[in-house]
Each structure stands twice: as C-alpha cells, then as structure tokens.
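> fold the following and give me the result.
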Amino acid sequence: MSYSVGAALQAAVYQRLAADTALDALVAGAIYDSVPPGPVAGTYVSLGPEDVRDASDQIGRGAVHEFTVSVVTDQAGFQSAKTVAAAVSDALSDADLVLARGRLVGLWFLSARARRVEKADIRRIDLTFRARVEE
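Sure thing, here's the model as predicted:
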C-alpha cells in the first residue's frame, strides 16, 4: 500500500470544487481545505476526514480513498444545504481529475448524511466519495 497519492488527490478535489462555477455561485468562494478559526457565518464547503486502504495488485501500487466533503450552513432548514450538496456531488461524481502525482482510476459518490449540529442552529451534510488511485 502507498499513501503517496493522498496529497495530490486532495489538491485535485479542492481545485475541482473551487473552479466549479455552479458551486461558487452558491457559496461565493467559501470552499475550505481547512476551515478558518472562529465562527463562520453563512454556508460553506469543507474537505474533511479520509480513510485509505490498500488496492495494490500485480501491476502496481494503488489505494482506495474514502473522503468526506461537508456542507455546513446556518440557514434555516435543509433546502439550501441540499442544493449546495447537489452541486458538490455534480462537480465530483465520475470526475476525471488530473493528479500531480499518480493517476485517478475513478471517483464515485458513496453516501451522504444530513443532520443538525447539536446545541446550534446549524445544518450539516457530509458527502462521502470513493476514489481509486494508482501510482
């Protein structure tokens, strides 16, 4: 197994989201690799946790990355968060990303979870994607 493509995959995902005009129209550039400190008002998209497992074979080294992209909003109800989540999904599902290192074999939507954040009037949708990469 190798985690050597991890940073390249994360950079490509971030670049894809930041360059997506439909998503940008909804969040006005509020797409973060690392959420700024302190409270963030409005709606934003943030790259989140990642789990990686070996997918090497006789041909070469590879890995499967399952990563989360979160949509967080302080707007009432889930409608606006779901609209942003749909734009994230559209931007990433089956995307043909070019990585600075390695090669993306495929990128697929895996699951989503929508919920209210405890003790706050915040809505959050965590979208999980699966990426298969090779060195």
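> and the helices in the protein?
6-19, 21-27, 79-92 (DSSP state H).
> mean neighbour count, distance to residue 52 and mean pLDDT for those - can I get that in a markdown table?
C-beta here means a position set from N, CA and C on the backbone, and glycine is covered the same way. Shown next, in a markdown table, are the helices of the chain (neighbours: other CB atoms under 10 Å; distance: least, CB to CB, whole Å; pLDDT from 0 to 100):
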| stretch | mean neighbour count | distance to residue 52 | mean pLDDT |
| --- | --- | --- | --- |
| helix 6-19 | 18 | 7 | 97 |
| helix 21-27 | 16 | 25 | 97 |
| helix 79-92 | 19 | 17 | 98 |
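> nearest to residue 125, of the ones you listed?
helix 79-92 (4.5 Å; CB to CB).
> got the contact list for the closest one?
For helix 79-92, contacts defined as CB atoms under 8 Å, 6 or more residues apart in numbering pick out 13, 16-17, 20, 22-23, 26-27, 43, 45, 69, 71-73, 75, 107, 109, 112, 114, 123-125, 127, 129.
> wait, what's in contact with the spatially most central residue of the chain?
Closest residue to the average C-alpha location of the chain: residue 69 at 3.1 Å, with CA atoms, centre = their mean. Applying CB under 8 Å, 6+ apart, one finds that residue 69 lies in contact with 13, 17, 45, 46, 47, 48, 88, 92, 126, 127, 129.
> show me what the last one is bridged to.
Spelled out, it's residue 129. Here residue 129 shows beta-bridge partners residue 67, residue 109, assigned using DSSP bridges.
> shouldn't it be in contact with residue 107?
Yes. Using CB atoms under 8 Å, residue 129 is in contact with residue 107, at 6.2 Å.
> where does this structure dip in pLDDT?
1 (pLDDT under 70).
> hmm, what's the outermost residue in it?
residue 58 (29.8 Å).
> could you check how far that residue is from residue 13?
28 Å (CB to CB, to the nearest Å).
> repeat that for residue 100.
The value you get for residue 100 to residue 13, if CB to CB is used, is 12 Å.
> indicate which one of the helices of the chain is closest to residue 34.
helix 6-19 (10.3 Å).
> against which helices or strands is that closest one packed?
With contacts defined as 3 or more CB pairs under 8 Å, 6 or more residues apart in numbering; DSSP states H and E, the packing partners of helix 6-19 are strand 31-32, strand 43-54, strand 62-73, helix 79-92, strand 122-134.
> okay then, goodbye and thanks.
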